[in-house]
Structure formats: C-alpha cells, structure tokens
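Visitor: only the shape, not the letters, is given here:
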C-alpha cells in the first residue's frame, strides 16, 4: 500500500476496489457501491501517512460506514 501512496503522491491516479477499511482509509475519496450503483461517498482529503492521521481517518470511515448499514 505504501508503494501505491507514493505513486499517487507523484501524480498518478489510483483506483482500488477493497473491503478493507484500513486500505480505504488511505484514500482521498471513498465511494460506497450497492449492486454496482453509487450509494454515497466520503471525502477524506489528502493522506500524509502519519499514524495519528491513520487512526482519525479509520474512525471517520468506520463511523460513516456504520451510517451506510455496513
């Protein structure tokens, strides 16, 4: 995952499909799909890689996913 973050910082757009909240928490934008349709999205902003930021983002994502019924 660190390699993908580095490549993204260099300017390449990366799209990841995952069920792993820790991976999703590193994304700038998380899109929640239901049956292939966009149900909702969460904008997390730029990821700097700090441990404190990781926990804050994981908590924010977990709370948001809870509101989605996940």
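Guide: Arrived safely, thanks for sending. Please read these numbers as outputs of a predicted model, since none were measured by experiment.

Visitor: which strands or helices does the top helix by length along the chain pack on?
Guide: Using DSSP state H to assign secondary structure, the helix with the most residues in the chain is helix 51-67. Applying 3 or more C-beta pairs under 8 Å, 6 or more residues apart in numbering; DSSP states H and E, we find helix 51-67 packed against helix 21-24, strand 29-34, strand 37-43. Placement of C-beta: from N, CA and C, glycine included.

Visitor: center of this structure, which residue is that?
Guide: By C-alpha atoms, centre = their mean, the chain has its centre lying nearest to residue 24, at 3.0 Å.

Visitor: please report how far that residue lies from residue 30.
Guide: Spatial separation of residue 24 from residue 30 under the definition C-beta to C-beta, to the nearest Å is 5 Å.

Visitor: okay, and the helix or strand of this structure with the least pLDDT?
Guide: Taking mean pLDDT, DSSP states H and E as the measure, the helix or strand of the chain with the lowest value is helix 2-9, at a mean of 86.

Visitor: how far does that helix sit from the chain's center?
Guide: A distance of 14 Å separates the centroid of the chain from that of helix 2-9, by C-alpha atoms, centre = their mean, to the nearest Å.

Visitor: returning to what we had before: okay, angle between the longest helix of the chain and strand 29-34 too, please.
Guide: Between the axes of helix 51-67 and strand 29-34, defined by axes from the mean of the first three to the mean of the last three C-alpha atoms, to 10 degrees, the angle is 20 degrees.

Visitor: helix 51-67 versus strand 37-43: what angle between them?
Guide: For helix 51-67 against strand 37-43, the angle between stretch directions is 150 degrees (the same axes, to 10 degrees).

Visitor: which elements pack onto the least confident helix or strand of the chain?
Guide: Contacts of helix 2-9 with other secondary structure elements, assessed using 3+ C-beta pairs under 8 Å, 6+ apart, are absent: no helix or strand is involved.

Visitor: perfect, I'm done here.
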